[in-house]
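1. Test case, fold it:
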Amino acid sequence: MIAWWVGAFFGLVFATGVLLVSFAAPPMRPTRLVDRIAPYLGDAPAPSRLLSRPSASSEPFGVTRRVLGPALTEASRWIDRLVGGTDSVRRRLGGLGSCDGVEEFRIEQLIWGGIGMVGGAVVLAASTLLRGGIDAVLVGAAAVVGGVGECWPATGG
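-> All right, here's what the predicted structure looks like:
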């Protein structure tokens, strides 16, 4: 009686194996989307230049870099001396696959810091103006906090 159950079990395992092999064979396998559209992509036109990598003139801060180049370079060196971590930044940029150097990263950091300073000052000036007057010391402190808050977390320091 046990031999009958063992035979049935092995028959079931064999039938399951045959079904799996037959459904995995190429004629039974479902067609992938890549295989279905491949014949239509043979004569594709050249891709648009709009989809190509951005040039130096179209990068986000390219115009600012050209206008304020020497001042930004000196300021980035000052920030680098202030916060340090050049090797850490270089290692992290390499790990991200970024082609930018540490100097470009620091310049971008300075620009975002300036945006944070202006944003903090404008928001606080508008909120204190709604209360009846502008407190210059508070607005200045908000500008400093906004600038440091934008620059500091990404330095690795």
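2. CA atoms for contacts and neighbours, from now on please.
-> Fine.
3. Check which helices and strands the host helix or strand of L72 sits against.
-> Using DSSP states H and E, L72 maps to helix 69-83. Helices and strands touching helix 69-83, by 3 or more Cα pairs under 8 Å, 6 or more residues apart in numbering; DSSP states H and E, are helix 102-131.
4. that older thread, export the helix holding L72 to PDB, keeping only CA atoms.
-> Presented in PDB, the C-alpha positions along helix 69-83 are these (Å, rounded to 0.1, in the frame of the first residue of the first chain):
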ATOM      1  CA  GLY A  69      33.500  83.100 -11.800                       C
ATOM      2  CA  PRO A  70      36.600  84.500  -9.900                       C
ATOM      3  CA  ALA A  71      34.600  85.600  -6.900                       C
ATOM      4  CA  LEU A  72      32.800  82.200  -6.600                       C
ATOM      5  CA  THR A  73      36.000  80.300  -7.000                       C
ATOM      6  CA  GLU A  74      37.600  82.300  -4.200                       C
ATOM      7  CA  ALA A  75      34.500  81.900  -2.000                       C
ATOM      8  CA  SER A  76      34.400  78.200  -2.700                       C
ATOM      9  CA  ARG A  77      38.000  77.900  -1.500                       C
ATOM     10  CA  TRP A  78      37.100  79.900   1.600                       C
ATOM     11  CA  ILE A  79      34.200  77.500   2.300                       C
ATOM     12  CA  ASP A  80      36.400  74.500   1.700                       C
ATOM     13  CA  ARG A  81      38.900  75.800   4.300                       C
ATOM     14  CA  LEU A  82      36.100  76.600   6.700                       C
ATOM     15  CA  VAL A  83      34.300  73.300   6.700                       C
END
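5. Return the distance of that helix from the chain's centre.
-> Distance of helix 69-83 from the chain centroid (Cα atoms, centre = their mean, to the nearest Å) equals 24 Å.
6. Just the buried positions in it, please.
-> L72, T73, A75, S76, R77, I79, D80 (16 or more other Cα atoms under 10 Å).
7. Please tell me how far the last one sits from G140.
-> What it means is D80. 24 Å (Cα to Cα, to the nearest Å).
8. what does G146 give?
-> Using Cα to Cα, one gets 10 Å for the distance from G146 to G140.
9. Comparing those two, which residue is more hemmed in?
-> Under the criterion of other Cα atoms under 10 Å, the comparison of G146 against G140 puts G146 first, with 21 against 17.
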